[in-house]
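> predicted coordinates and the sequence they were generated for:
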Amino acid sequence: MSPIKPTRHFLDIDQFDSATLRSILDKAIELKEAGRGHAKPLADHTLVLIFEKSSTRTRVSFEVGMQQMGGDVVVLGSQDSQLGRGESVADTARVLSRFADAIMIRTDSHQKLEWLAEFATVPVINGLTDDSHPCQIMADVMTFEEHRGPIEGKTIAWVGDGNNVAASWLHAAVKFNCKFNIATPLEFQLPDHLIDWANAEGGDVTVTQSAEEAVAGADCVVADTWVSMGDDDERDTRLELLGPYQVNDALMAKANSDALFMHCLPAHRGEEVTDTVLDGQQSVVWDEAENRLHAQKAILAYCLDVL
C-alpha cells in the first residue's frame with residue numbers, strides 16, 4: 001500500500017519555503033502562457049467556495065480557474081451554509097471533505113480558517129481573512145516579475161493601512177528576499193509580532209510613519225482601500241488619519257522613475273489613490289487582477305498535487 005500523502009493546504013505565505021512558492025509562481029506563468037490550451041487535470045474534481053465576505057475578483061477568478069482546469073465549483077454564500085446557523089467549523093469541514101476535493105474560504109476570523117484546515121481531510125485555501133490575503137500577493141509578485149524581472153533585492157513600499165494585505169506582502173518580502181518599506185499611521189501599524197517574525201527571519205523591513213520615506217527609491221508602491229468591510233463605523237476617523245498617505249503623482253515621483261503602482265482592488269478613487277495614478281502608465285492593477293486567475297490555478301494545482 002502506498003503511503004498516504006499529507007494534505008496540502010494554502011493558508012499563509014509564511015508557512016512555505018521559498019522554493020515551493022517559486023515553483024507555484026513558475027506554474028502560474030506556465031498556465032498563463034498556455035492560455036486555455038493547457039491540460040485539464042482537475043476533471044472530476046470539485047472545489048467548494050465559502051464566502052462569508054462578499055467578493056468579485058476572488059469568486060470569479062477561482063470559479064473560472066477551476067472551470068478552465070476541467071473542474072466544478074459549488075459556491076456557498078453567508079446564507080447558504082449551516083456555518084451561519086451555528087454549525088461548528090469542525091463539523092462543516094468534516095462534511096465538506098466527504099463531498100469535495102478542496103475548500104476555499106473567504107472569512108473574517110483567521111482562526112476559523114485554521115479550524116477548517118485542522119478538521120478537513122481535503123486541501124483548504126485562504127481566500128482572505130482579517131489577518132492575511134496570500135492568494136492576492138502571489139498574483140502581485142507574479143505581476144511585478146512580469147514587468148520588472150526578479151523581485152529579489154527590489155524595494156516594495158506599502159502606504160496606508162497596515163491590514164491583511166500588508167501582512168501577506170510582509171510574508172512575501174521575506175520569502176522572496178526583497179526589501180519592504182511600510183508607512184502607516186501609528187493607529188494602523190502592523191502587529192509587532194509580524195515585524196518581529198520578519199526580523200527573526202532575516203527580512204529587510206523598514207517601518208515608518210512617513211509615506212515619503214517609504215517610497216523613496218521604491219521599485220513598486222502598493223496601496224489598499226482605507227475603509228475595508230467591517231470598518232464603516234470608523235470611516236471618518238480612518239479618512240482623517242490616512243489622508244497623508246494618499247498615493248498621488250507627487251508621492252509616486254519620489255519613487256524610482258520606473259516604479260510600478262499596485263492595488264488589489266476595489267479602489268476608492270480619490271481616497272487612497274488618485275485617478276491619475278490608478279489609470280497612469282505606472283499602474284499595473286489590471287494585470288494584477290488578471291493574475292489572480294493564473295496564480296490561483298497554480299495554487300489549486302499545488303494543493304491537489306496535479307501537473
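Perfect, thanks for sending it.
> where do the helices sit along the chain?
18-34, 57-68, 89-99, 110-119, 134-148, 164-175, 192-200, 211-215, 235-242, 249-252, 275-278, 285-303 (DSSP state H).
> what residues of the first one count as buried?
Just to be clear, that refers to helix 18-34. Buried residues in helix 18-34, counting neighbours by 16 or more other CB atoms under 10 Å, are found at 21, 24-25, 27-29, 31-32. Any C-beta I mention is one placed from the backbone N, CA and C, and that applies to glycine too.
> tell me the one of those residues nearest Val141?
Comparing those against Val141 with CB to CB picks out Leu25 as the nearest, at 6.5 Å.
> and the closest one, how far from Cys220?
Leu25 sits 16 Å away from Cys220, going by CB to CB, to the nearest Å.
> before we move on, what about Leu241?
24 Å.
> so the two - more neighbours on which side?
Cys220 (28 against 17; other CB atoms under 10 Å).
> wait, the more buried one sits on Val159?
No - counting by CB atoms under 8 Å, Cys220 stays clear of Val159, with 11.0 Å between them.
> circling back to that earlier point, deepest of the helices of the chain, which one?
Comparing those by mean neighbour count (mean count of other CB atoms under 10 Å), helix 164-175 comes out on top with a mean of 25.
> can you name the residues in contact with that one?
12-14, 16-18, 21, 128-134, 136-138, 140-141, 156, 158, 160, 178-180, 182, 184, 190, 194-195, 197-198, 201-205, 222, 224, 264 (CB atoms under 8 Å, 6 or more residues apart in numbering).
> could you give the angle of it to helix 192-200?
Put simply, helix 164-175 runs at 20 degrees to helix 192-200, going by axes from the mean of the first three to the mean of the last three CA atoms, to 10 degrees.
> residues near Leu49, how many?
23.
> ok, it to Phe188 distance?
Leu49 is 30 Å from Phe188, by CB to CB.
> ok now stretch 168-181, how far from the chain's centre?
13 Å (CA atoms, centre = their mean, to the nearest Å).
> quick one: end-to-end distance for that stretch.
Stretch 168-181 has its terminal residues 13 Å apart, counting by CA to CA, to the nearest Å.
> just stretch 119-137 next, same as before
Chord length of stretch 119-137, first to last residue, is 26 Å (CA to CA).
> for it, the averaged confidence score.
Taken as a whole, stretch 119-137 has an average pLDDT of 98.
> which parts of that stretch are buried?
119-120, 122-137.
> then stretch 148-161?
Buried, per 16+ other CB under 10 Å, within stretch 148-161: 148, 151, 154-161.
> off-centre distance for that stretch?
15 Å.
> run through who's touching it.
For stretch 148-161, using CB under 8 Å, 6+ apart, the contacting residues are 141, 144-145, 166, 169, 173, 176-184, 188, 211, 214-215, 217-226, 228, 238, 242, 245, 247, 251, 255, 258, 260, 272.
> can you get me the start-to-end distance on that stretch?
For stretch 148-161, the first-to-last residue distance is 25 Å (CA to CA).
> dump the residue contacts of Leu260.
Here Leu260 is in contact with 143-144, 147-148, 219-221, 282-284 (CB under 8 Å, 6+ apart).
> could I get these as a markdown table with distance to Arg59?
Shown next, in a markdown table, are the contacts of Leu260 (distance: CB to CB, whole Å):
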| residue | distance to Arg59 |
| --- | --- |
| Thr143 | 20 |
| Phe144 | 24 |
| His147 | 26 |
| Arg148 | 29 |
| Asp219 | 31 |
| Cys220 | 26 |
| Val221 | 27 |
| Gln282 | 28 |
| Ser283 | 23 |
| Val284 | 22 |
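> show me the contacts for Gly71.
40, 42-47, 101, 300.
> so which of these are in strands?
Members of these lying in strands (criterion: DSSP state E): 46-47.
> and of the contacts of Gly71, the nearest to Thr7?
Asp101 (11.1 Å).
> these two touch, right, that closest one and Leu304?
Yes - when contacts are counted by CB under 8 Å, Asp101 is listed as touching Leu304 (6.3 Å).
> residues shared between the contacts of these two?
Common neighbours of Asp101 and Leu304 (CB under 8 Å, 6+ apart) are 42, 45, 123.
> between those residues, which sits nearest Met66?
For the shared contacts of Asp101 and Leu304, the nearest to Met66 is Leu42 (6.5 Å; CB to CB).
> against Asp224, how distant is Ala267?
9 Å.
> of the two, who's got more company?
Asp224 (26 against 19).
> and stretch 71-91, how far out from the chain's middle?
That offset, for stretch 71-91, works out to 22 Å (CA atoms, centre = their mean).
> list the buried ones in that stretch?
For stretch 71-91, by 16+ other CB under 10 Å, it's 71-73, 76, 81, 83, 89.
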